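**Student:** output the structure for:
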Amino acid sequence: MATIRRPFGRNYAFVVAGVTFLALLAAAGLRAAPGVLILPLEKSFGWDRGAISLAAAIGIFLYGLTGPFAAALMQSFGVRKTVSLALVLMAVSTGLSAFMTQTWHYVATWGVLAGFGSGAVAMVLGATIVNRWFVERRGLMLGLLTAATATGSLIFLPAMAFIAEHGGWRPVVLTVAAVAAVMAPIAWLLIPERPSDIGHKPFGAGEDWEEPPRGSASNALAGAFGALARASKTRTFWLLFLGFFICGLTTNGLIGVHMIAFCGDRGMPEVRAAGLLALMGLFDLFGTTASGWLTDRYDPRKLLFVYYALRGLSLIYLPYSDFSIVSLSVFAVFYGLDWIATVPPTARLATQAFGDRDGPIVFGWIAAGHQLGAATAAVGAGMIRAAQGQYVQAFVLAGMAGLIAAGASLLIRREVKAMAA
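**Tutor:** Residues are numbered from 1 along each chain as shown. Take a look at the predicted model:
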């Protein structure tokens, strides 16, 4: 392949990170939208909340399940191709949903197709980009890219809630489709496959740095399952998987999907409730970035213990608060700082245990656990609400799970020898 020079030298890695941030932001907007769509779809079609939650749960689950295969495709088929095609699929699927009239249409577009598409533009993308383009500041850069999920909510949620309140659900899905469609050509043009393709080494790499061997497009499936087979023999993998399952259960599956509806049950307008989620997003931008900085300096296991313990206690507290704007704002700030601060230390532990090549793929499988937990909370909380008429039990159970994850984090071995491929 001919070398195509780009500006900024090795600092072009930050351009790649910036474009990746925007792509992750678009995917975050898509994944945040179902929380806004619950009430408008109920009003427009009379659909049951459990059925609407099922579509969100399927989308979240496939979003996570796609991760390890997307990571393997990025290793073999290519990052640029994988991300660009995923953005196109996101645009097409959400655009088609503008014509839906039945619940299975919602499941097919937002659940299945958008789930697969957004799954390739998720946490595994950030881990792959950081491992490929950076040798120094990996924790900090992964924290910034992970924070794109929060920033996506920050930008999109209040706007989508306003659009839904004044124009219904259809303008919301068209907005999401348009953003994904715009990002697809930007990712294709500005993300080179590797630093060597533009005549450079990763940011911070020394003169003795050597590029890892490239995979072939034919072994992506084998690579995904091979990395899983090797990792699943270790206790570290299962403890990280458990922690991330609970992480998803306590964040985008519960808060992300049901918080607006929960606030609606307590008499809060939809736009104001979306504003609280946006406030969480704003503070998670700082919390996750700070977590990346801390991960470069402190034991990731102890960081995970603190994050999960505080999250669990706050979820147990929330249903028994007075739901005033003051108490909810304090919860939003506190919870926002902790929202996905777990990602940098989890990714660091995965890379330390399984190496630079297997690490992102194994992290993809761990991230699949995150989305499995999120899907469980999305459908489970919806069923609890439909059966009991309230969300209290769902939030208390999620809080107790957070405390379990805190204890499990301390059982992870500090150093694990990477397993040979």
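**Student:** now the helix or strand encompassing residue 372: mean pLDDT?
**Tutor:** According to DSSP states H and E, residue 372 maps onto helix 343-388. In this model, helix 343-388 carries a mean pLDDT of 84.
**Student:** which residues does residue 122 contact?
**Tutor:** 24, 27, 63, 64, 66, 67, 70, 367 (C-beta atoms under 8 Å, 6 or more residues apart in numbering). Every residue, glycine included, has its C-beta placed from N, CA and C.
**Student:** model confidence score at the first one, please.
**Tutor:** The reference is to residue 24. 91.
**Student:** swap in the second one?
**Tutor:** The confidence metric pLDDT takes the value 89 at residue 27.
**Student:** over to the third one?
**Tutor:** Per-residue pLDDT puts residue 63 at 80.
**Student:** tell me, how many residues neighbour it?
**Tutor:** When neighbours are counted by other C-beta atoms under 10 Å, residue 63 registers 31.
**Student:** quick one: secondary structure of it?
**Tutor:** helix (DSSP: H, G, I helix; E, B strand; the rest coil).
**Student:** my guess is it contacts residue 119, does it?
**Tutor:** Yes: Residue 63 is within contact range of residue 119, at 4.4 Å (criterion: C-beta atoms under 8 Å).
**Student:** any residues in contact with both of the two?
**Tutor:** Both residue 63 and residue 119 are contacted by residue 371, under the criterion C-beta under 8 Å, 6+ apart.
**Student:** follow-up on the earlier one: and the helix holding residue 372, how far out from the chain middle?
**Tutor:** Distance of helix 343-388 from the chain centroid (C-alpha atoms, centre = their mean, to the nearest Å) equals 9 Å.
**Student:** for stretch 234-249, same thing?
**Tutor:** That offset, for stretch 234-249, works out to 15 Å (C-alpha atoms, centre = their mean).
**Student:** so where is the stretch 151-300 of the chain shaky, pLDDT-wise?
**Tutor:** 153-154, 209, 211-221 (pLDDT under 70).
**Student:** show me where it has helices.
**Tutor:** For the stretch 151-300 of the chain, the helices defined by DSSP state H, counting those that start in this stretch cover 170-190, 220-231, 235-250, 255-265, 270-295, 300-317.
**Student:** how about JSON lines for these, with mean neighbour count added?
**Tutor:** Converted to JSON lines, the helices of the stretch 151-300 of the chain look like this (neighbours: other C-beta atoms under 10 Å):
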{"stretch": "helix 170-190", "mean neighbour count": "19"}
{"stretch": "helix 220-231", "mean neighbour count": "19"}
{"stretch": "helix 235-250", "mean neighbour count": "24"}
{"stretch": "helix 255-265", "mean neighbour count": "23"}
{"stretch": "helix 270-295", "mean neighbour count": "22"}
{"stretch": "helix 300-317", "mean neighbour count": "20"}
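**Student:** tell me which of these sits nearest to residue 208.
**Tutor:** For the helices of the stretch 151-300 of the chain, proximity to residue 208 was assessed by C-beta to C-beta; helix 270-295 is nearest, at 25.3 Å.
**Student:** tell me what angle that closest one forms with helix 343-388.
**Tutor:** Helix 270-295 and helix 343-388 meet at an angle of 150 degrees, taking axes from the mean of the first three to the mean of the last three C-alpha atoms, to 10 degrees as the criterion.
**Student:** how far is helix 270-295 from where the chain is centred?
**Tutor:** On C-alpha atoms, centre = their mean, the centre of helix 270-295 falls 13 Å from that of its chain.
**Student:** equivalent analysis for stretch 12-19, please.
**Tutor:** Going by C-alpha atoms, centre = their mean, where stretch 12-19 is centred and where its chain is centred differ by 19 Å.
**Student:** flag every buried residue along it.
**Tutor:** Residues of stretch 12-19 classed as buried: 12, 13, 14, 15, 16, 17, 19 (neighbour count, 16 or more other C-beta atoms under 10 Å).
**Student:** next step: these restricted to helices.
**Tutor:** In this view, those that belong to helices under DSSP state H are 12, 13, 14, 15, 16, 17, 19.
**Student:** and of these, the nearest to residue 302?
**Tutor:** residue 17 (27.2 Å).
**Student:** who wins for most neighbours among the contacts of residue 122?
**Tutor:** Neighbour max across the contacts of residue 122 (other C-beta under 10 Å) = residue 367, 33 neighbours.
**Student:** doesn't residue 123 make contact with it?
**Tutor:** Yes: under the contact definition of C-beta under 8 Å, residue 367 touches residue 123, with a separation of 4.9 Å.
**Student:** who touches both of these two?
**Tutor:** Common neighbours of residue 367 and residue 123 (C-beta under 8 Å, 6+ apart) are residue 67.
**Student:** number of nearby residues for residue 337?
**Tutor:** Neighbourhood size, residue 337 [other C-beta under 10 Å]: 19.
**Student:** need the pLDDT of it.
**Tutor:** Here, the pLDDT recorded for residue 337 equals 82.
**Student:** show me what the helix or strand harbouring it is packed against.
**Tutor:** Per DSSP H and E, residue 337 falls inside helix 325-338. If contacts are counted by 3 or more C-beta pairs under 8 Å, 6 or more residues apart in numbering; DSSP states H and E, helix 325-338 sits against helix 270-295, helix 300-317.
**Student:** buried residues in that helix, which are they?
**Tutor:** 328, 331, 332, 334, 335, 336, 337, 338.
**Student:** tell me what angle that helix forms with helix 270-295.
**Tutor:** 40 degrees.
**Student:** what's the nearest residue to residue 371 if we skip its chain neighbours?
**Tutor:** Leaving aside its chain neighbours, residue 371 sits nearest to residue 64 (2.1 Å; criterion: C-beta to C-beta, 6 or more residues apart in numbering).
**Student:** now residue 105
**Tutor:** That would be residue 97: by C-beta to C-beta, 6+ apart, it lies 6.8 Å from residue 105.
**Student:** and that neighbour, what pLDDT?
**Tutor:** On the pLDDT scale, residue 97 gets 93.
**Student:** ok now do it, which residues does it touch?
**Tutor:** Neighbour list for residue 97: 105, 106, 109, 110, 173 [criterion: C-beta under 8 Å, 6+ apart].
**Student:** good, we can wrap up now.
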